[in-house]
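A.B. asks: kindly return the folded structure for what I paste below:
(chains A and B)
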There are 2 protein chains.
Amino acid sequence: MTKAIYRVLTFSVLACAVCLAQTDDSQPAVTNVRAAAYPRVHGDLRVTFQFKAPNAQKVQLQPGGDDNGLGKGPIDMTRGADGTWTVTIPPAVPGFHYYWFLVDGATVNDPGSETFFGYGHETSGVDVPEKGADFYAAADVPHGDVRIHWYYAKTTAAWRRALVYTPPDYDRNPRARYPVLYLQHGAGEDERGWTSQGRANFILDNLIAARKAKPMIVVMEQGYATKPGPSPAAAPGAANAAFEQVVIGDLIPMIDATYRTIADRSHRAMAGLSMGGAQALQIALTHLDKFAWIGSFSAPLRANSDLKTSYNGAFADAAAFSKKVHLLWFGAGTAEERMHRPAMEMHEALEKAGIRNVFYESPGTSHEWQTWRRDLHEFAPLLFQ
Amino acid sequence: MTKAIYRVLTFSVLACAVCLAQTDDSQPAVTNVRAAAYPRVHGDLRVTFQFKAPNAQKVQLQPGGDDNGLGKGPIDMTRGADGTWTVTIPPAVPGFHYYWFLVDGATVNDPGSETFFGYGHETSGVDVPEKGADFYAAADVPHGDVRIHWYYAKTTAAWRRALVYTPPDYDRNPRARYPVLYLQHGAGEDERGWTSQGRANFILDNLIAARKAKPMIVVMEQGYATKPGPSPAAAPGAANAAFEQVVIGDLIPMIDATYRTIADRSHRAMAGLSMGGAQALQIALTHLDKFAWIGSFSAPLRANSDLKTSYNGAFADAAAFSKKVHLLWFGAGTAEERMHRPAMEMHEALEKAGIRNVFYESPGTSHEWQTWRRDLHEFAPLLFQ
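C.D. replies: Numbering: from 1, shown residues only, chains lettered A, B, ... in the order given. As a prediction, the model looks like this:
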């Protein structure tokens, strides 16, 4: 849809303020801060944004990313008499969408929104509900705790913060031990993404309550690591290598020493989205002594991977691989232009090579959190069975 | 210090860019997002802020609150050739300070800063280090977890989020039980304030490691509650009454049922800052069957309290009160214009009436988090002894 059409819609809505007041079924977004009236989501999933800037010459809405479910930006907003700028966009794709405002070109968050760490900084976000999808709701079921856990990593010689989901019965059942899923965020995000944007804790709560997934611990860490000393800019890939060392040398031993885990490969999974999916593939496939369950959401294997040699030859013996790896799982949204087809082709190439793997398509969603929420909801029930 | 002097300083700094580059001892603030170079804190506690807004006519730094340790705002920033606006302010008071930018009058957060919930929305913040004060550092000591815990409150007929600090040995010692401190934030803040801004978890970690405080659970909830049904605007005080009911009827029973607490009044404390201090006084003093330890940071008793009748007559019998209440503790910063003298006078009036109480002055700090960090550091060691 073109910007011109957005503008026509916007003006129509403003011109029709009286009729709107009578028929308005909009609600503040669930991602708003307490008592903020805007952004508002309408029953038909149109979204109205507001920002007060009496002295600005131009205010625009900028959805985050190229294929954001809010539409392509920047989208012009219209100035009201009191200096409040407004736009109502056409029905959005359900799910969580990053956005910000451009105020005379400057990037500005919406004070009405909670902030979410994306694009390397705190960013506004709006959650557009999906009709009938209650799998990530804070439902009336037992809830696990999400623990903010600080630990010292020798690899980086620094304190790091991990988020650790413990399932609802963890504290009531002090002798039980649990399998562990290591779950990574995407580039520009951090360890808070999977719970704040992804609602991973509620997804697990609901699956566990319905007995669709085994109770498990979920560990979410920041996918960045820098060794002390000279800048890693000098050594390409050093930052990724350092993160791999953190996971293998620091994080897993700390988790197994701190929480009641079942500390073997059959009870340890790794998954992630986008950059985190690539990290999960790299780390799990090259440490099959540590992991038996692997998930990559919106991140296929490295381009032109030679199945005989890539990932330290993990795929070289297909029969041995399929016996050793209990699950290799890929997901992609059908609206992900750069991910969907490569992921599907890779799935087929792996199948042809005798490498058993699962490919899940999220209908109508792009490189965004609704794809990854659905991925987790499909992936988690298959783990540790 | 006047705005004119700020401007002179700013221009001097910019004019001296070359000499600065040679002698600059500034560091990115610890409150910055990963890799953000600004704001920067200098060795002498001057702070340099930057914001990119090429098309703005005017950009200003606005410290939060009237007596913020960054100075009085708004403080004009100076445009550089590339549209980056800069200001260096004179040495700031140590501690955490809220701030934002005014871009042609519009309120805008700093993309270089993490955000902190204050003033009812996400707000930028800068932590200026205090020389020699390591009591709130993430030190090389055992760390407790901060748990994000969701629970259903009958009072509000809604799910609520509490943060629960469990001390470092909580998971290692599954039969131990612990006393509980209920610790409330100020107006406009929420349950995240005490850990994100206040670093309460690190303060407790350090005190417990040094054996200066008893290991304890700390519960941090949002001090807002609305009953279902007609808006509380119709009934003055309804919101506060609802929060009191949440604490007594929902929160305490849930905490005692979920965590390994010692569930009696001698092992239960309540404290808070500003609005949260007033709530702690109201709730604890009128429920002395539930609490034996009370702290109010930057919040004296209600003005003109009649000691015979106020707080349901809690103070009417001074001897009985002092026997029953193991600690009544008040704190205020000496730079808090509206709090320090009233708090001191109230302390003296209570002493005169035979009501034993402690009054602590935080030197040089105002109605800000450095005062409350110090309050907690002084208060917590006295609890449960």
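
A.B. asks: report pLDDT for residue A:275.
C.D. replies: Looking at residue A:275, its pLDDT reads 96.

A.B. asks: that one and residue B:84, how far apart?
C.D. replies: Counting by Cβ to Cβ, to the nearest Å, the gap between residue A:275 and residue B:84 amounts to 29 Å. Backbone N, C-alpha and C define where each C-beta goes, glycine included.

A.B. asks: how about the residues of the stretch 251-385 of chain A by chain B?
C.D. replies: On the criterion Cβ under 8 Å from any Cβ of the partner chain, chain B has as its neighbours in the stretch 251-385 of chain A the residues A:258-259.

A.B. asks: right, and residue A:305 touches residue A:311 too?
C.D. replies: Yes. Using Cβ atoms under 8 Å as the test, residue A:305 is close enough to residue A:311 to be in contact (7.3 Å).

A.B. asks: out of these two, which sits in the busier spot?
C.D. replies: Of the pair residue A:305 and residue A:311, residue A:311 is the one with more neighbours under other Cβ atoms under 10 Å in any protein chain shown, namely 19 against 16.

A.B. asks: now the more buried one. Its backbone dihedrals?
C.D. replies: Main-chain dihedrals, residue A:311, degrees, to the nearest 10: phi 50, psi 50.

A.B. asks: for residue A:271, same thing?
C.D. replies: When read as degrees, to the nearest 10, the backbone of residue A:271 gives phi -150, psi 170.

A.B. asks: nearest spatial neighbour of residue A:83, skipping sequence neighbours?
C.D. replies: Here the nearest residue to residue A:83 in space, its sequence neighbours aside, is residue A:54; by Cβ to Cβ, 6 or more residues apart in numbering or on different chains that works out to 2.7 Å.

A.B. asks: so what's that neighbour up against?
C.D. replies: Remark: with contacts taken as Cβ atoms under 8 Å, 6 or more residues apart in numbering or on different chains, residue A:54 is in contact with A:82-83, B:105-106.

A.B. asks: most neighbours among these, which one?
C.D. replies: When neighbours are counted by other Cβ under 10 Å, residue B:106 leads those with 24 neighbours.

A.B. asks: distance of that one relative to chain A?
C.D. replies: Applying Cβ to the nearest Cβ, to the nearest Å, one obtains 4 Å for the distance of residue B:106 from chain A.

A.B. asks: that residue and residue A:56 touch, don't they?
C.D. replies: Yes. Using Cβ under 8 Å, residue B:106 is in contact with residue A:56, at 6.4 Å.

A.B. asks: need the overlap of contacts for these two.
C.D. replies: By Cβ under 8 Å, 6+ apart, the residues touching both residue B:106 and residue A:56 are residue A:103.

A.B. asks: what about residue A:228, how many neighbours?
C.D. replies: 9.

A.B. asks: how about the secondary structure of it?
C.D. replies: Remark: residue A:228 carries the secondary structure label coil [criterion: DSSP: H, G, I helix; E, B strand; the rest coil].

A.B. asks: what of residue A:256?
C.D. replies: Of the three states, residue A:256 takes helix according to three-state DSSP.

A.B. asks: what's the nearest residue to it if we skip its chain neighbours?
C.D. replies: Of all residues beyond its chain neighbours, the one nearest residue A:256 is residue A:263 (4.2 Å), with distances taken as Cβ to Cβ, 6+ apart.

A.B. asks: low-confidence ranges in the stretch 201-350 of chain A?
C.D. replies: Regions of the stretch 201-350 of chain A meeting the criterion pLDDT under 70 cover residues A:230-239.

A.B. asks: and the strands in it?
C.D. replies: In the stretch 201-350 of chain A, strands defined by DSSP state E, counting those that start in this stretch lie at A:217-220, A:268-273, A:293-297, A:327-333, listed in chain order.

A.B. asks: can I get the shortest one in PDB? Just the C-alpha atoms.
C.D. replies: Just to be clear, that refers to strand A:217-220. The C-alpha coordinates for strand A:217-220 follow below in PDB (Å, rounded to 0.1, in the frame of the first residue of the first chain):
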ATOM      1  CA  ILE A 217      14.300 -24.500  32.300                       C
ATOM      2  CA  VAL A 218      14.900 -21.900  29.600                       C
ATOM      3  CA  VAL A 219      18.100 -19.900  29.600                       C
ATOM      4  CA  MET A 220      18.300 -16.600  27.700                       C
END
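
A.B. asks: pLDDT at residue A:9, what is it?
C.D. replies: The predicted local distance difference test score for residue A:9 is 38.

A.B. asks: swap in the one 10 residues further on?
C.D. replies: pLDDT, the model's per-residue confidence, is 42 for residue A:19.

A.B. asks: next: residue A:66.
C.D. replies: With respect to pLDDT, residue A:66 has a value of 78.

A.B. asks: that one: what's it in contact with?
C.D. replies: With contacts defined as Cβ under 8 Å, 6+ apart, residue A:66 is in contact with A:72, A:337.

A.B. asks: distance of residue A:278 from residue A:169?
C.D. replies: Using Cβ to Cβ, one gets 33 Å for the distance from residue A:278 to residue A:169.

A.B. asks: more neighbours: which of those two?
C.D. replies: A side-by-side neighbour count of residue A:278 and residue A:169, using other Cβ under 10 Å, places residue A:278 first with 22 against 13.

A.B. asks: close enough to count as contact, that one and residue A:302?
C.D. replies: Yes. Using Cβ under 8 Å, residue A:278 makes contact with residue A:302 at a distance of 7.4 Å.

A.B. asks: excluding chain neighbours, give the residue nearest to residue A:373 in space.
C.D. replies: In space, residue A:373 comes closest to residue A:136 once its chain neighbours are excluded; the distance is 5.3 Å by Cβ to Cβ, 6+ apart.

A.B. asks: helix/strand/coil for that neighbour?
C.D. replies: coil.

A.B. asks: let me know whether the one helix or strand residue A:147 maps to sits next to chain B.
C.D. replies: Following DSSP states H and E, one finds residue A:147 within strand A:145-153. Yes. Where contact is defined by Cβ under 8 Å from any Cβ, part of strand A:145-153 touches chain B, namely A:145-152.

A.B. asks: just how off-centre is that strand within its chain?
C.D. replies: Averaging C-alpha positions (Cα atoms, centre = their mean, to the nearest Å) puts strand A:145-153 19 Å from its chain's average.

A.B. asks: likewise for stretch A:303-320?
C.D. replies: Taking the mean of its C-alpha atoms, stretch A:303-320 sits 27 Å from the chain's own mean (Cα atoms, centre = their mean).

A.B. asks: could you report the neighbour count for residue A:37?
C.D. replies: Using other Cβ under 10 Å, the number of residues around residue A:37 comes to 12.

A.B. asks: coming back round to it: angle of the strand holding residue A:147 against strand B:145-153?
C.D. replies: What separates the directions of strand A:145-153 and strand B:145-153 is an angle of 170 degrees, with axes from the mean of the first three to the mean of the last three Cα atoms, to 10 degrees.

A.B. asks: between the following helix or strand past strand A:145-153 and strand B:145-153, how big is the angle?
C.D. replies: For strand A:145-153, the succeeding helix or strand toward the C-terminus, using DSSP H and E, is strand A:158-166. Using the same axes, to 10 degrees, the direction of strand A:158-166 lies 30 degrees away from that of strand B:145-153.
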